[in-house]
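**Student:** got a predicted structure plus its sequence, pasted below:
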Amino acid sequence: MIDFRNCDCMELMATLPDKSQHLIIVDPPYFEVKGKFDFIWESFDDYLKDVEKWAKEIKRVMADNGTLFWWGMDRKIAYSQVVIDKFFTLLGNLVWEKPSGQNEWDTRRTFHER
């Protein structure tokens, strides 16, 4: 059994049946923002290749009419959205003002299956 509190999301999703999840909320690494996990890619293009892998697997496990919330840093999430748009349709954005946090704004984009 996978300890989902501290696991690779791709390992966990591989155990899930197709179209079995109605709500998926992800807060993936943002690429070179904070923490060791955020500095593991050789380039931003390599990071975006992983974004595509994640999006493909999310598409597989997300139920028809399911909802995806994808969190990201305001300066970089637009690039991820270009990749995610291949699989999902953007419904809207949420922006959270966090004046006491590392960033002033936190952006989430909501998608549904294409």
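**Tutor:** Happy to help now that I have it. Numbers count the residues shown, from 1 in each chain.
**Student:** only C-alpha atoms from now on, for both contacts and neighbour counts.
**Tutor:** Will do.
**Student:** in whichever helix in the chain runs longest, what's buried?
**Tutor:** Across the chain, the longest stretch assigned as helix under DSSP state H is helix 44-61. Using 16 or more other C-alpha atoms under 10 Å as the test for burial, helix 44-61 gives 47, 48, 51, 52, 54, 55, 56, 57, 58, 59, 60, 61.
**Student:** between those, which sits nearest residue 70?
**Tutor:** Distance to residue 70, by C-alpha to C-alpha, is smallest for residue 55 among the buried residues of helix 44-61, at 9.9 Å.
**Student:** quick one: the strands in this structure?
**Tutor:** Applying DSSP state E to the chain gives strands spanning 21-26, 62-72, 88-97, 105-113.
**Student:** need the least confident one among those strands, by mean pLDDT.
**Tutor:** Mean pLDDT is lowest for strand 105-113 among the strands of the chain, at a mean of 59.
**Student:** burial measure for the closest residue to residue 39 other than its chain neighbours, as a count.
**Tutor:** Counting by C-alpha to C-alpha, 6 or more residues apart in numbering, residue 39 lies nearest to residue 32, which is 5.0 Å off, once chain neighbours are set aside. Close neighbours of residue 32, defined as other C-alpha atoms under 10 Å, add up to 15.
**Student:** again, but for residue 64
**Tutor:** Residue 64 is flanked by 15 other residues according to other C-alpha under 10 Å.
**Student:** same deal with residue 81?
**Tutor:** Burial measure for residue 81: 20 neighbouring residues, criterion other C-alpha under 10 Å.
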